[in-house]
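S.K.: Show me the folded form of this:
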Amino acid sequence: MSDIKTVAVVGGGIGRSHIVEGYLTNKDKFKLLAICDLDPARMNGLADEFGIERRTAQFDDLLAMGDLDIIDICTPPMVHYPMVMAALAAGKHVVCEKPLVGSLAEVDAVIAAEKQARGRLMPVFQYRFGDGVQQAKAIIDAGIAGKPYVATVETLWRREADYYAVPWRGKWRTELGGVLMTHAIHQHDMLTYLMGPLKSLFGRVATRVNPIEVEDCVSASVELESGALASLTATLGAADEISRLRLVFENVTFESDHEAYSPGNKPWTILPRNDDTRAQIDALLEGWQHVPQRFETQMALFHAALVSGGPLPVTSADSRRALEIVTAFYHSSETHSEVTWPIGPDHPKYESWLPAGA
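M.R.: Numbering: from 1, shown residues only. Reported below is the predicted structural model:
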């Protein structure tokens, strides 16, 4: 029996990156079976470019394909939830772009549905993958870094009128949020991936750069479960674009590559506090096996998990942690109060963080 998994990509925007970086680089693991898009020109262009035979504008057509293993959802955020739930109900494996869904209530419903489903769900957090972030992860997991102290996380990007000319962007009901949901969510996931979950957050959001409904500037002070402190800052009004994490541990300070869209890649700055720590790091990383960045590694690990039944590289629980940060930001900014974890069904924004009347 072949281990090659068949894939349908839904949405040809970021979906093209999934194809180019994730599936074509793993041709021995995946076969592109179908493309689904509401724009006929984009759909046919992608299908012609990559030799994809099946083309449809109807998502339900994919659910009925008995020879389809994976549905990869790359649509605007407001339709993620119904598509994920329908795909799981149809017995498909699911890949879904961020944000996975639009509330903590929805992500909890997805987690419950997964437990009953034949297929498995992998949300997308491709910035976790690359030599830089994976070497930092290995050093931390080996106990070499020691106690986490502080961190700064910066998402300083640039978005202007042409970006918001796409009709669903910049609106609460369709994008479900602004820089928190669509841009900084990656870097905030990287923080929890490396330093662990949050305990509390005091944050502010503002719309200062573009004439849009949702926020494009944010800042927060957070405490992690470990006791470490961190600051989170993001804007879409920077002159240039960088993503930067600087993580200070007892024995090692890490700083990410500043490239905006692949901060997990090398080179990361790794600064040991002393020669003994440096020797431990050198020994750990000797013979390091290259970790390709972004979608290439995430999709390869997804395939391995499907074949072996082992753990997924990114889970719905990871998405829940990311969406807790989003929920806390909006509530804290609105109420001028600190939000503490966990955020459960009794929280005012559990069902939705959208402002009243949005």
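
S.K.: Just confirm Leu301 is within a helix.
M.R.: Yes - counting by DSSP: H, G, I helix; E, B strand; the rest coil, Leu301 is part of a helix.

S.K.: give me the number of residues near it?
M.R.: 19 (other CB atoms under 10 Å). C-beta coordinates here come from the backbone N, C-alpha and C atoms, glycine included.

S.K.: pretty sure it contacts Pro313?
M.R.: Yes - between Leu301 and Pro313 a contact is recorded at 3.9 Å, counting by CB atoms under 8 Å.

S.K.: shared neighbours of those two, which are they?
M.R.: Phe129 (CB atoms under 8 Å, 6 or more residues apart in numbering).

S.K.: all helices in the stretch 251-358 of the chain, in order from the N-terminus.
M.R.: With helices called from DSSP state H, counting those that start in this stretch, the stretch 251-358 of the chain shows them at 275-285, 295-308, 316-335.

S.K.: Now render these as a markdown table, adding distance to Lys5 and mean pLDDT.
M.R.: A markdown table is the format used below for the helices of the stretch 251-358 of the chain (distance: least, CB to CB, whole Å; pLDDT from 0 to 100):
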| stretch | distance to Lys5 | mean pLDDT |
| --- | --- | --- |
| helix 275-285 | 32 | 98 |
| helix 295-308 | 6 | 98 |
| helix 316-335 | 19 | 98 |
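
S.K.: Gly13 is nearest to which of those helices?
M.R.: Closest of those to Gly13 is helix 295-308, at 14.0 Å (criterion: CB to CB).

S.K.: What secondary structure category should be reported for Val153?
M.R.: strand.

S.K.: one step back: can you say which of the helices of the stretch 251-358 of the chain is nearest to Glu223?
M.R.: Judging the helices of the stretch 251-358 of the chain by CB to CB, what sits closest to Glu223 is helix 316-335, at 11.5 Å.

S.K.: now stretch 29-40, how far from the centre of its chain.
M.R.: 21 Å (CA atoms, centre = their mean, to the nearest Å).

S.K.: in that stretch, what counts as buried?
M.R.: 29-30, 32-37 (16 or more other CB atoms under 10 Å).

S.K.: and if you look at stretch 15-29?
M.R.: 15-16, 18-19, 21-23, 25-26, 29.

S.K.: element containing the spatially closest residue to Glu154 that is not a sequence neighbour, please.
M.R.: Among residues not flanking Glu154 along the chain, Arg244 sits closest, at 4.5 Å (CB to CB, 6 or more residues apart in numbering). Here Arg244, judged by DSSP states H and E, is contained in strand 237-249.

S.K.: what sits against Glu351?
M.R.: 103-105.

S.K.: Model confidence score at it, please.
M.R.: Note on Glu351: pLDDT of 98.

S.K.: where does it fall, phi/psi-wise?
M.R.: phi -80, psi -30 (degrees, to the nearest 10).

S.K.: chain center to the host helix or strand of Met181, what's the gap?
M.R.: Assigned by DSSP H and E, Met181 falls within helix 179-182. Between the centre of helix 179-182 and the centre of its chain there are 10 Å (CA atoms, centre = their mean).

S.K.: Report the central residue of the protein.
M.R.: Central residue of the chain (CA atoms, centre = their mean): Phe125, 3.0 Å from the mean position.
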